[in-house]
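>>> Fold the following for me, if possible:
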Amino acid sequence: MAVEKRVSKKQAISDQQLRQIQQAAESIDYGAIHLVFQDGVLVQIDRSEKIRVL
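Presented below is the predicted three-dimensional model:
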């Protein structure tokens, strides 16, 4: 008899995280946003911004 496993898969990116990514994208002039996933779930948002001096 096979045992059925129920795996509750979490949402990869929550609505709140999407808002945080959007805020980061709107507030950055030059730079990058790096998303870190663990087991298919977003666990970290890194933002690095470049400041150009002329």
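>>> could you pull out the strands for this structure?
31-38, 41-49 (DSSP state E).
>>> What lies in contact with the first one?
Contact partners of strand 31-38, identified using CB atoms under 8 Å, 6 or more residues apart in numbering, comprise 12, 21, 24-25, 42-50. Just so you know, the C-beta spots here come from the backbone N, C-alpha and C atoms, and that holds for glycine as well.
>>> mind listing what it pairs with, with the direction of each?
Applying DSSP bridges, strand 31-38 is found paired with strand 41-49 (antiparallel).
>>> which residues touch Leu18?
For Leu18, counting by CB under 8 Å, 6+ apart, there are no contacting residues.
>>> coming back round to it: how about TSV for the strands of the chain, with mean neighbour count added?
Shown next, in TSV, are those (neighbours: other CB atoms under 10 Å):
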stretch	mean neighbour count
strand 31-38	11
strand 41-49	12
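>>> Let's have the ones you listed in JSON lines, adding distance to Gln17 and mean pLDDT.
Below are these laid out as JSON lines (distance: least, CB to CB, whole Å; pLDDT from 0 to 100):
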{"stretch": "strand 31-38", "distance to Gln17": "9", "mean pLDDT": "96"}
{"stretch": "strand 41-49", "distance to Gln17": "5", "mean pLDDT": "95"}
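>>> need the contacts of strand 31-38 in JSON lines with distance to Val36, can you?
Putting the contacts of strand 31-38 into JSON lines (distance: CB to CB, whole Å) gives the following:
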{"residue": "Ala12", "distance to Val36": "12"}
{"residue": "Ile21", "distance to Val36": "12"}
{"residue": "Ala24", "distance to Val36": "13"}
{"residue": "Ala25", "distance to Val36": "16"}
{"residue": "Leu42", "distance to Val36": "7"}
{"residue": "Val43", "distance to Val36": "6"}
{"residue": "Gln44", "distance to Val36": "4"}
{"residue": "Ile45", "distance to Val36": "8"}
{"residue": "Asp46", "distance to Val36": "7"}
{"residue": "Arg47", "distance to Val36": "12"}
{"residue": "Ser48", "distance to Val36": "13"}
{"residue": "Glu49", "distance to Val36": "18"}
{"residue": "Lys50", "distance to Val36": "20"}
